[in-house]
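In: Okay, sequence plus prediction incoming.
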Protein chains: 2
Amino acid sequence: MNNVQEESLRDQKKYRRRLQILEIARGIISAKGLRSLKVRDVAEAAGCSVGSVYNEFGDFDGVILTVNRETVQALTARLRGVPAEDPVRQLYGLADTYLDFFAGHANLLRSLFEHRMEDDRPYPDDILQMVMDAFALMHPPLVRLLPDADDVKIALLSRTLFSAVHGIISLGLEERMVAVPPQMLRQQIEQFVDTHLRGLGILPVGARLP
Amino acid sequence: MNNVQEESLRDQKKYRRRLQILEIARGIISAKGLRSLKVRDVAEAAGCSVGSVYNEFGDFDGVILTVNRETVQALTARLRGVPAEDPVRQLYGLADTYLDFFAGHANLLRSLFEHRMEDDRPYPDDILQMVMDAFALMHPPLVRLLPDADDVKIALLSRTLFSAVHGIISLGLEERMVAVPPQMLRQQIEQFVDTHLRGLGILPVGARLP
DNA sequence: GTTCTAAAATGAACAATGTTCAAGAAGAAT
DNA sequence: ATTCTTCTTGAACATTGTTCATTTTAGAAC
């Protein structure tokens, strides 16, 4: 038995169109926000009928969720690329990289965190799991820095710290909240992480990094 | 000239209905989420026509924004009620109170933070200002604890710290993010604030509050 | 009290948008 | 080439936000 699936012409077209629909949807969300995403716009831009979008994704939420899934995958890839030699620098790097990614794809991240399902249908588990996994990326460096601490507590600390960074960034980047000038955000994030590491006893209180 | 406006029967009815519409809308958002709010449901529950809703609020966003405005007002009132004798306890109290309020009105808070306007119309300034003012409530206790620090920096710190707490809570309360068991959230928040105050040199590193 | 007027309420009609499905088109199997 | 399966289509439908000509009603004028 041959496990290599032969790719039929039909499958090729289907797959190409799937990618095209996703690319168009992502472009619209990214440029004008989730609320501006309309089935007919996507279908027209992809050169197909609205029925085909439904045929491929089940319903419109399916398109959004697939875009969101790819967003968290791209985010995770970026976060995994942060150098891990120095655990302290890794923590700063994770926060900075998250800021970069959020600033560069604000509407995509908002779609990921703010989209609500119709009725009370549950949000897909795999996406939630991926977000949680991304927020757990502070775990390894924290374990190295706090070798005596309980692993469960470190896991909690990782998510807490990352959630805190997320809160600072997501509110700080709301252009509507004039509160935090974006150019100061990076410095602000670094100082926040800095203070927290001092509080954890990882950095000395009252001293500064070289 | 008499400044006391006589309240006409017309105005009374108008005002009563306005309150009724808001109460119904708030109830629906609170119970089933912003996405389940429909003009016709509100109108029917209020015993009036859809036109009356539009007559009173301009458009449907107007209803949502008014509910959001009242949400942030209620939140601010609760936060202002936190005792201010001990600045450290005040900071803990603000975080805890925010957690309480968020846990008790999760869907209302989500409506406040996640609602996006149609097209690119700006979010009303007064609501943004009120949110910022609420997040600035950590300013006075921080000033007392860090009397030598620059006032502008304290203002920034206040918003940063509150945004961090917001991030931890809003992600932690997502029932969908199984990550953080809600019952642990309070303890988690307290530990987070604790660690940060140590990092700021306000509390001694390595010691615990009585 | 009657009449007049301005404001508000109404709800049917419209517009925008998500969803479905019967019929047709296109690829695969023989 | 014929048949069969699957996908595609787009018109029709369903839901929901929005408008507006008409009707109703509260208040004013007499």
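Out: The structure has been received and is ready for your questions.

In: per-residue confidence for residue A:136?
Out: For residue A:136, the model assigns a pLDDT of 97.

In: mind listing what it touches?
Out: When the contact criterion is Cβ atoms under 8 Å, 6 or more residues apart in numbering or on different chains, the partners of residue A:136 are A:155, A:158-159, A:162. The C-beta positions use only the backbone N, C-alpha and C, and glycine is treated the same way.

In: Those residues of chain A touching DNA strand D, which are they?
Out: For chain A, the residues in contact with DNA strand D (Cβ under 7 Å from any atom of the strand) are A:10, A:13-14, A:17, A:48-52, A:54-56.

In: now for those, which pair is the farthest apart?
Out: Across those, the two members that end up farthest from each other (Cβ to Cβ) are A:10 and A:50, 20.1 Å apart.

In: More neighbours: these two, which one.
Out: For residue A:10 versus residue A:50, neighbours defined as other Cβ atoms under 10 Å in any protein chain shown are more numerous around residue A:50 (14 against 8).

In: related to what we said a few turns ago, most neighbours out of the contacts of residue A:136, which is it?
Out: By neighbour count, taken as other Cβ under 10 Å, the most surrounded of the contacts of residue A:136 turns out to be residue A:162 (26 neighbours).

In: The one helix or strand it maps to near chain B at all?
Out: Using DSSP states H and E, residue A:162 sits within helix A:151-172. Yes - part of helix A:151-172 sits near chain B under the criterion Cβ under 8 Å from any Cβ of the partner chain, namely A:156, A:159-160, A:163-168, A:170-172.

In: okay if I get those as CSV plus pLDDT?
Out: As requested, the residues of helix A:151-172 next to chain B are exported to CSV (pLDDT from 0 to 100):
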residue, pLDDT
A:156, 93
A:159, 94
A:160, 95
A:163, 97
A:164, 98
A:165, 98
A:166, 98
A:167, 97
A:168, 96
A:170, 95
A:171, 94
A:172, 93
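
In: could the residues you listed be laid out in a markdown table, adding distance to DNA strand C?
Out: Shown next, in a markdown table, are the residues of helix A:151-172 next to chain B (distance: Cβ to the nearest atom of the strand, whole Å):
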| residue | distance to DNA strand C |
| --- | --- |
| A:156 | 37 |
| A:159 | 32 |
| A:160 | 36 |
| A:163 | 30 |
| A:164 | 34 |
| A:165 | 32 |
| A:166 | 27 |
| A:167 | 29 |
| A:168 | 32 |
| A:170 | 24 |
| A:171 | 27 |
| A:172 | 29 |
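
In: out of those, what pair is the most spread apart?
Out: The span of the residues of helix A:151-172 next to chain B, defined through Cβ to Cβ, is set by A:156 and A:172 at 24.1 Å.

In: So the two - more neighbours on which side?
Out: Neighbour count, other Cβ under 10 Å: between residue A:156 and residue A:172, residue A:172 has more, with 23 against 19.

In: any idea whether residue A:195 is helix, strand or coil?
Out: helix (DSSP: H, G, I helix; E, B strand; the rest coil).

In: That one and DNA strand D, how far apart?
Out: Note on residue A:195: its distance to DNA strand D, by Cβ to the nearest atom of the strand, to the nearest Å, is 44 Å.

In: ok, now residue A:146?
Out: When Cβ to the nearest atom of the strand is applied, the distance between residue A:146 and DNA strand D equals 49 Å.

In: list the contacts for that residue?
Out: Shown here is residue A:146, whose contacts under the criterion Cβ under 8 Å, 6+ apart are A:154, A:200, A:202.

In: Once you drop chain neighbours, what's closest to the last one?
Out: Of all residues not flanking residue A:202 in the chain, residue A:145 sits nearest, at 4.9 Å (Cβ to Cβ, 6 or more residues apart in numbering or on different chains).

In: so how far is DNA strand C from that neighbour?
Out: Relative to DNA strand C, and taking Cβ to the nearest atom of the strand, residue A:145 is found at 47 Å.

In: Domain boundaries for chain A, per the record?
Out: Using automatic domain parsing, the domains assigned to chain A come out as A:9-58, A:64-199.

In: So for residue B:35, which of these sits nearest?
Out: Counting by Cβ to Cβ, residue B:35 lies closest to domain A:64-199 out of the domains of chain A; the figure is 5.1 Å.

In: Endpoint to endpoint, that closest one covers what distance?
Out: 40 Å (Cα to Cα, to the nearest Å).
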